[in-house]
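**Q** Dropping the sequence and predicted coords here.
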Amino acid sequence: MNSLLLPALYLGGCIAAMSMFSYIYRRLTSVKQVESWFPENHDKERYIALLNCDIPVPEFHLRAALLRRAMQAVHRLKEVQQEKPALQQLMRMGSIGDDLWRDFSLAEQEVVMELQDIAQEANTYKPNWNQTIFSTAAQMLEHEKQKVLLDEMKTMREDEQKRRELQLEQEEKENQLAGERRMREAKKAEEELLRMEEDEQQKKNKGKSNKPKAKK
């Protein structure tokens with residue numbers, strides 16, 4: 001009986017240890033660090049750094065920094081609003097996992113909290129500024145977008161102009177080379193014609209010299 005008890009206790013201890021190890025492993029692997037949906041918010045960090053600067057920063061600098069922070073928040077809000085319907089559809093279809101949807105939901109919550117923080121900060125500078133700061137930020141974003149598009153169009157026009165100039169230059173060079181080639185061919189043809197005429201004249205002269213003279 002004792003001979004069977006010891007192996008049973010040993011086996012039971014091994015099973016309990018393995019079960020505990022499996023439980024701890026699952027707990028550790030389930031603790032996943034959520035990657036940020038958006039890159040680091042430099043505009044937010046810049047505003048906080050100015051706000052906590054040892055040397056007092058003029059208020060108009062702080063207001064400008066807060067407006068830049070609001071622009072970044074509005075930009076991220078637009079991205080969330082644009083991506084959410086597609087992600088919801090993919091989630092219903094089972095094309096994405098719960099982890100991705102959880103990351104997106106956290107990002108959405110962070111954007112909402114950021115908007116709330118900015119609104120509170122705005123009212124510390126000007127009453128009811130929270131009601132207009134985001135519309136101003138949206139207008140500035142649109143202005144910057146249009147500016148980028150205009151710069152891209154300008155760059156495209158400049159590139160096209162350079163391409164045309166290079167093409168014209170290449171065509172002029174090719175025409176010049178073709179003209180020089182035609183001149184060489186014409187000169188060669190002229191020299192060949194003169195040589196043929198000289199050969200013909202020499203044959204005529206030779207024929208006259210070989211012709212017998214008439215008797216007197």
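**A** In hand now; what should we look at? Numbers count the residues shown, from 1 in each chain.
**Q** Going by C-alpha atoms from here, please, whenever you check contacts or count neighbours.
**A** Fine.
**Q** Would you mind listing the buried residues in stretch 75-94?
**A** Neighbour counts using 16 or more other CA atoms under 10 Å place Arg76, Leu77, Val80, Leu87 of stretch 75-94 among the buried residues.
**Q** Scan the chain for its longest helix.
**A** In the chain, with assignment by DSSP state H, the single longest helix is helix 133-210.
**Q** returning to what we had before: now render the buried residues of stretch 75-94 as CSV, adding secondary structure, pLDDT and distance to Gln167.
**A** Listed next are those as CSV, based on DSSP: H, G, I helix; E, B strand; the rest coil; pLDDT from 0 to 100; distance: CA to CA, whole Å:
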residue, secondary structure, pLDDT, distance to Gln167
Arg76, helix, 94, 44
Leu77, helix, 95, 46
Val80, helix, 93, 46
Leu87, helix, 89, 48
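**Q** Check which element follows the helix or strand bottoming out on mean pLDDT in the chain along the chain.
**A** Among the helical and strand segments of the chain, the one scoring lowest on mean pLDDT, DSSP states H and E is helix 2-30, with a mean of 42. Using DSSP states H and E, the helix or strand that follows helix 2-30 in sequence is helix 42-51.
**Q** Which strands or helices does that following helix pack on?
**A** Where contact means 3 or more CA pairs under 8 Å, 6 or more residues apart in numbering; DSSP states H and E, helix 42-51 is packed against helix 59-93.
**Q** and the helix it packs on, how far out from the chain's middle?
**A** Remark: helix 59-93 is offset 19 Å from the chain centroid, using CA atoms, centre = their mean, to the nearest Å.
**Q** Please apply the same query to stretch 118-130.
**A** Mean C-alpha position of stretch 118-130 versus that of the full chain (CA atoms, centre = their mean) differs by 35 Å.
**Q** What of stretch 139-147?
**A** With CA atoms, centre = their mean, you get 18 Å for stretch 139-147.
**Q** average pLDDT for the helix or strand in which Ala107 is found?
**A** Ala107 belongs to helix 98-125 when elements are defined using DSSP H and E. Averaging pLDDT along helix 98-125 gives 93.
**Q** Which secondary structure elements does it sit against?
**A** Using 3+ CA pairs under 8 Å, 6+ apart: helix 98-125 touches helix 59-93.
**Q** just checking, what packs against the helix it packs on?
**A** For helix 59-93, the elements it packs on are helix 42-51, helix 98-125, helix 133-210, judged by 3+ CA pairs under 8 Å, 6+ apart.
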